[in-house]
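> Mind folding the following:
(2 chains)
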Amino acid sequence: MTTLAYLLLVTLGGYGLAVVEEWSSSGRWRPSAPLLRSVALLARESLSPRLLDRKLFEAAPPLLLVAGVLSMAVLPLAPGVVPVELATGALWLNAALVYVAVALLMAGWGPDAAYPMVAGFRFLGQFVAYAMLVVMPITAVAMRASSLVVGDIITSQATLWNALLQPLGFAVFLLAAMAICYLPPFDQPVAPGELAGGVVGEYTGARLVVMRLARLVLVLSLALAVTVFYLGGWLGPLLPAPAWSVLKTLAVAGAMLAVGRYLPRLRTDWPLEWGWKVGIPLALLNIFWVGVVLLVADL
Amino acid sequence: MIQFLFVLLFGVAAIWFGVKVFTTASMMRSALALLFSMAALGALFMAAEAEFLGVLQLMMMATEMSIMALFMIMYMMSPGGLTPMEMTHQKRFSLVAGVVTALLIVSVAVSQFREPSAVAVAPAPDAQLRGLGGELLERSMLVFQAAGVTILVAMIATTAVAMRRHE
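Numbering: from 1, shown residues only, chains lettered A, B, ... in the order given. Below you'll find the predicted structure:
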């Protein structure tokens, strides 16, 4: 039942997001585009480069998908509806996300081509900064709940959503989440037009389908993470609990995809510099702020 | 029984990837094999009910080994890592050291072996977390803070040494 709910979320939600993604890059609403495009890609020949590192090249797309699915596995849709309940759930999310960087590094190295390799190493360099900005806001969220169990983090927000109590952490986490999904304007590792597709540049056919599906799963997973950590997860009036989770998640994911339509791609060194020099001090300030609030107000 | 099988599976995977670190001819594969060896160890910890340790291992080692791969590629002799490389050196010494260490580890494992019924049950994951947090912030606080500050100083010093001087 739980598995079915998550499969439904990934298939239907993922399809909807693919439509938004299509709009975000082309500016047109075409509800059938993801279906047609995936059928076309699946029917197309999967070319492989001439001098590839085959193991890394073949393993990267499934690993990216696995990382997305694993990161989603600890995030509940409703009380008790969660594939795996871990006592270290909030930390597990970050552990699973690290394998996104590993997968992109492998995808960059595997085809033995210049652009993907530049893109893979570029993402790894940036990822270290992004990962800090995921794990430090999570620290502040877990402080309030006195627990790393994701369900406890949601119930701790019954009085006030974390997005309102710690807006700084919310903003940092949301931006870091977008950067980890390499969504525009943080899409330097794929960078169409600059690196000719970057890490996915040498992938065609079925392998490209897996790569793109994996990114959508990742977007959904991180949108669900934003929902459970900052927007009260399943909490909400009138509607049943899972409906709130799904609605909030899709809204966050849609917003994450839509922003890219209106922003140019950032210069490669900017997100790196901002991440270390601005993001980390802000995340520390957020931890300090939450600590003071918890001591004084006992929310 | 299933738990034992998983521990065994991840243990064998860790050893297999560990062997691959040295038998491959590519820097990148070597680094990634080490990464997956460490990840298999993390999974082994989780299978052995040491949840926090397992998650931490999965998280930290993947980041560290990826960064190590980056530095290895950056500083090695063959640009781009296109030339096949020998991953072993000081063969005789390494062989002896490896065999001696393995024997030591096996002897410790064998001497500490207990019947499964005599093995203490692992505390619940949240109790492990609480215990670890208590340890870090109470009894061993000074040790860990001192170690943390030392590492931070080393990092700052390394960066300062590596930076170009502005005249």
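> quick one, phi/psi of the nearest residue to residue A:263 once chain neighbours are set aside?
In this structure, residue A:263 finds its nearest non-sequential neighbour in residue A:185, 4.1 Å apart by C-beta to C-beta, 6 or more residues apart in numbering or on different chains. In short, each C-beta sits where N, CA and C put it, glycine included. Backbone dihedrals for residue A:185, given as degrees, to the nearest 10, come out at phi -90, psi 10.
> what's the burial count for residue A:213?
Applying other C-beta atoms under 10 Å in any protein chain shown, we find 19 residues neighbouring residue A:213.
> Please verify my assumption that it contacts residue A:14.
Yes: contact between residue A:213 and residue A:14 holds when scored by C-beta atoms under 8 Å: they sit 7.2 Å apart.
> so who does residue A:283 touch?
Neighbour list for residue A:283: A:132, A:133, A:136, A:137, A:140, A:168, A:169, A:172 [criterion: C-beta atoms under 8 Å, 6 or more residues apart in numbering or on different chains].
> quick one: what helix or strand has the residue positioned nearest the centre of chain B in it?
By C-alpha atoms, centre = their mean, the mean C-alpha position of chain B lies nearest to residue B:38, the distance being 5.0 Å. Using DSSP states H and E, residue B:38 sits in helix B:27-47.
> Residue A:197: neighbouring residues, count only.
Other residues close to residue A:197 by other C-beta under 10 Å number 18.
> low-scoring stretches of the chain, by residue?
You didn't pick a chain, so chain A it is. For chain A, the stretches with pLDDT under 70 are A:298-299.
> hm, I was asking about chain B
Along chain B, the model assigns pLDDT under 70 to residues B:77-83, B:114-120, B:166-167.
> Next to chain A, which bits of it? Give me the list.
Contacts of chain B with chain A, taken as C-beta under 8 Å from any C-beta of the partner chain, map to B:26, B:28-29, B:32, B:35, B:51-52, B:55-56, B:58-59, B:62-63, B:66-67, B:69-70, B:73, B:80, B:82, B:124-126, B:128-129.
> rerun that using 7 Å as the cut-off
Proximity of chain B to chain A (C-beta under 7 Å from any C-beta of the partner chain) is limited to residues B:26, B:28-29, B:32, B:35, B:51-52, B:55, B:58-59, B:62-63, B:66-67, B:69-70, B:125-126, B:129.
> what are the ranges of the helices in chain A?
A:2-8, A:14-26, A:33-43, A:54-72, A:89-109, A:114-145, A:150-155, A:162-165, A:167-180, A:205-230, A:241-262, A:269-274, A:280-296 (DSSP state H).
> Looking at these, which one is packed in the most?
With neighbours taken as mean count of other C-beta atoms under 10 Å in any protein chain shown, the helices of chain A reach their highest mean count in helix A:89-109, at a mean of 26.
> Alpha carbons of that helix, as CSV, please.
Provided in CSV are the C-alpha atoms of helix A:89-109 (Å, rounded to 0.1, in the frame of the first residue of the first chain):
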residue,chain,number,x,y,z
GLY,A,89,16.1,9.6,8.8
ALA,A,90,17.1,13.2,8.4
LEU,A,91,20.7,12.3,8.1
TRP,A,92,19.9,9.5,5.7
LEU,A,93,18.5,12.0,3.2
ASN,A,94,21.9,13.7,3.0
ALA,A,95,23.7,10.3,2.8
ALA,A,96,21.6,9.3,-0.2
LEU,A,97,22.0,12.6,-1.9
VAL,A,98,25.8,12.2,-1.9
TYR,A,99,25.4,9.4,-4.4
VAL,A,100,24.0,12.0,-6.8
ALA,A,101,27.4,13.5,-7.0
VAL,A,102,29.0,10.1,-7.3
ALA,A,103,26.6,9.2,-10.2
LEU,A,104,27.3,12.4,-12.0
LEU,A,105,31.0,12.0,-11.5
MET,A,106,30.8,8.6,-13.1
ALA,A,107,28.6,9.8,-15.9
GLY,A,108,31.1,12.6,-16.5
TRP,A,109,34.1,10.3,-16.6
